[in-house]
Structures are given as structure tokens and as C-alpha cells.
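S.K.: Task: produce atomic coordinates for the following.
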Amino acid sequence: MVFFILIIVAVAAYCFLGNHDTAATKAALKAKQRNDDQKKVIRYFLNDGCLSKHISDQEYSQMVKSALAKFDFKQRALDKIGLDESELQEIDPVHFEGYQFKKAYGRLGKDKLWRSSKYQVSWLFFSATQVYLYQYTLNMDCDEKKENTEEYFYKDITNFSTSTETEEVFVYDKKKKKDVLENVDTSQFALVVPGDKLYCSMKQSDENERAIKGMKAKLREKKNA
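M.R.: Alright, predicted model coming up:
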């Protein structure tokens, strides 16, 4: 009897104390040098099943929030643009942010919300003659980041718009036991110029809709001046 109890205890310890990483997780962890938080992110997206451990959806969201809190993105944007905020008061600055799914890991949470291993923050500023765009894309699973600024004359901008775009994201497939590409519908803001569109990840909200209406009104005003 004692022998069987010891076996049950050993099995329970194996189930609850071990990582039991999937093959996809092991491959991802082996591919790049990652710190402890980045390993947690990989396990969140690629570990699945009764024995595979990973943090919760809420814990991952908090990790993203904490990573973003390290930066003052508005000031960083102004520094990159090289102008004082007093020169950018045509309308109030506009701020968008949200998960980005292109070339990223994704997971549909228990709360039915999609999350990804990339997060993008965008700031738009408006002078009397130009629109300035700053973007920072943070990778939660590795040390890679992307930061860029763009500037456009009002006369060269065709439109400001919102759209639902389909992006491909890497999702772990329990049946195939590997990460596969899956389509995800995402909300995005687009700055449209002839022959091109520049997208910003965004969340659907009344505040964002009001901001976009204000941008469109300012663009019409400048076009008709």
C-alpha cells in the first residue's frame, strides 16, 4: 500500500513540478538566448496540454503592461522628431497601441481575446504643415525591437482610416504538436499616401474613433485651404 502511495506522489510531483515543454517550446528556447521573462513568454504561447505549464492570460497582460511602463513613449517620440511640443499643437497628439501579429506568436485567451508576442505603440503629432508619426514595436519573446519615425505633408496624405486586416500569426496546434500559421482579424489605423499605407495597431474604442474623426477634419481643412 505504501509503495502505491509513493508512486502516486511521484507521479503528482512529475505532473505539477516539471515544465514538460512541448517540442515547439524546446525548439524556440534553443534558437535564441532568452532571459527568464522571455522564456515565460515562449511557454505562454507554445506550451499547451495537461502537463505543459505556462502563465495565465492575465499574467501575460501584466508582463506587457510592465514592459511598456519602462518607457515614456510620448517624450521618446518628441526626442526622435526633434521638435518641441509647442510646435505640434495644430490638434492634440494622437496615441494608438495594440498587439501586432505579423511574424509573431499568438494565443486566443480564455477570455476570447487574442494576444501576441509583439506590441506596438504609435504617436502622431500635428504641426501647421506636417504630420509626424512615431512607432515602437516591442518583442516580448526576445530582445528585438523596432523604432521608426515618419513625416508627411498634409498635401501628400490621401486619407486617415481604420480597417480590419487579416494577419498571419504563429499559433501552437495541439494536434500537430507544432506551431502553425493562423489568420487573425485585427483593428488598425492607416495613414494613406499615394501608392502606400502605413498601419498602426490599435484597439477599438470611442476615444480612438473621436481622435480619428478629428484627424480627418483637420486633413479636410488643410486640403481646402
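
S.K.: where does this protein have low pLDDT?
M.R.: The chain contains residues with pLDDT under 70 at 1-19, 49-52.

S.K.: longest helix in it, by residue count?
M.R.: Counting residues, the longest helix found in the chain (DSSP state H) is helix 206-224.

S.K.: Who does the residue lying closest to Val64 once chain neighbours are set aside form a beta bridge with?
M.R.: Nearest residue to Val64, sequence neighbours excluded (CB to CB, 6 or more residues apart in numbering): Tyr119, at 5.5 Å. Any C-beta I mention is one placed from the backbone N, CA and C, and that applies to glycine too. Per DSSP bridges, the residues bridged to Tyr119 are Tyr99, Leu138.

S.K.: what's Tyr119 in contact with, if anything?
M.R.: By CB atoms under 8 Å, 6 or more residues apart in numbering, Tyr119 lies in contact with 64, 67-68, 97-100, 137-138, 140, 201.

S.K.: Please report how far it lies from Lys175.
M.R.: 29 Å (CB to CB, to the nearest Å).

S.K.: ok, now Glu167?
M.R.: 23 Å.

S.K.: count of residues packed around Tyr90?
M.R.: Just to correct that, residue 90 is Glu rather than Tyr. 16 (other CB atoms under 10 Å).

S.K.: Confirm for me that it is in contact with Phe126.
M.R.: Yes. Applying CB atoms under 8 Å, one finds Glu90 in contact with Phe126, separated by 4.0 Å.

S.K.: who touches both of those two?
M.R.: Lys218.

S.K.: Sketch out the helices for this protein, chain order is fine.
M.R.: Using DSSP H, the helices of the chain run over 2-17, 23-31, 36-46, 57-68, 73-81, 206-224.

S.K.: Out of these, indicate the one that is most buried.
M.R.: Mean neighbour count (mean count of other CB atoms under 10 Å) peaks for helix 36-46 among the helices of the chain, with a mean of 20.

S.K.: That one versus helix 57-68: what angle between them?
M.R.: Between helix 36-46 and helix 57-68, the angle comes out at 140 degrees (axes from the mean of the first three to the mean of the last three CA atoms, to 10 degrees).

S.K.: Go ahead and name everything in contact with helix 36-46.
M.R.: Contacts of helix 36-46 (CB under 8 Å, 6+ apart): 19, 21-22, 24-25, 28-29, 34, 52-55, 59-60, 63, 105-107, 117, 140-143, 170-172, 179.

S.K.: quick one: which of those sit in strands?
M.R.: 106-107, 170-172, 179 (DSSP state E).

S.K.: out of these, who's nearest Tyr132?
M.R.: Nearest to Tyr132 among those, counting by CB to CB, is Gly106 at 30.5 Å.
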